[in-house]
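S.K.: Sharing a sequence plus its predicted fold:
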Amino acid sequence: MTKADIVEQVSEATGLTKVETEAVLDGVIFYIVDSLKRGERVDMRGFGSFLVKQRPPREARNPATSEIVKLNERFDPIFKVSKLLKKSVNQSLLRGF
C-alpha cells in the first residue's frame, strides 16, 4: 500500500477530498517527524509508538576488506508496534491458513 492508496481510501471513508486528505496525512507525518527531531516520543494508542533510540559509537568491520572502521554515535528513529495491533494482525492472517 502506498501513500496514494491511503489517501484514496481515507478520502472515500471520510468524504474529504483527496487534496484535503493528503494535506491531513502530510500534517500528521510532519508533526511525527518534528517530534522525533526534538527527541520526543509519539504514542498512538492501539497502533504503536515512534521514538528515537541512541546508538553509541562502535567499531565495525568492512566485510569486503576486513578493515575496521569507527562508527559515530547516531540516533535511529524506530517504531514499536502495540500489543493490540500485533494481536489483531496475527488473528487476521492466521485465520486464512
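M.R.: Structure's in. What do you need?
S.K.: CA only for contacts and neighbour counts going forward, please
M.R.: Noted.
S.K.: tell me which element L36 falls in.
M.R.: If you go by DSSP states H and E, L36 is part of helix 18-37.
S.K.: same question, P77
M.R.: Assessed by DSSP H and E, P77 sits inside strand 74-81.
S.K.: one step back: from the chain's centre, how far out is the helix holding L36? Work that out for me.
M.R.: Counting by C-alpha atoms, centre = their mean, to the nearest Å, helix 18-37 is centred 13 Å from the centre of its parent chain.
S.K.: What helices and strands are in contact with that helix?
M.R.: On a contact count with 3 or more C-alpha pairs under 8 Å, 6 or more residues apart in numbering; DSSP states H and E, helix 18-37 meets helix 3-14, strand 42-44, strand 48-55.
S.K.: Any idea which residue is closest to the centre of the protein?
M.R.: What sits nearest the mean C-alpha location of the chain, by C-alpha atoms, centre = their mean, is F79, with 4.8 Å.
S.K.: and that residue, what is it in contact with?
M.R.: Shown in contact with F79 (C-alpha atoms under 8 Å, 6 or more residues apart in numbering): 48-51.
S.K.: Who wins on neighbours among those residues?
M.R.: Most neighbours among those, by other C-alpha atoms under 10 Å: L51, with 22 neighbours.
S.K.: How about it, nearest residue that isn't a chain neighbour?
M.R.: What sits nearest to L51 in space, not counting adjacent residues and going by C-alpha to C-alpha, 6 or more residues apart in numbering, is R41, at 4.6 Å.
S.K.: what are the phi and psi angles of the one you found?
M.R.: When read as degrees, to the nearest 10, the backbone of R41 gives phi -90, psi 140.
S.K.: domains of this structure?
M.R.: 1-40, 49-97 (automatic domain parsing).
S.K.: Adding mean pLDDT, write those domains out as a markdown table.
M.R.: Shown next, in a markdown table, are these (pLDDT from 0 to 100):
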| stretch | mean pLDDT |
| --- | --- |
| domain 1-40 | 98 |
| domain 49-97 | 95 |
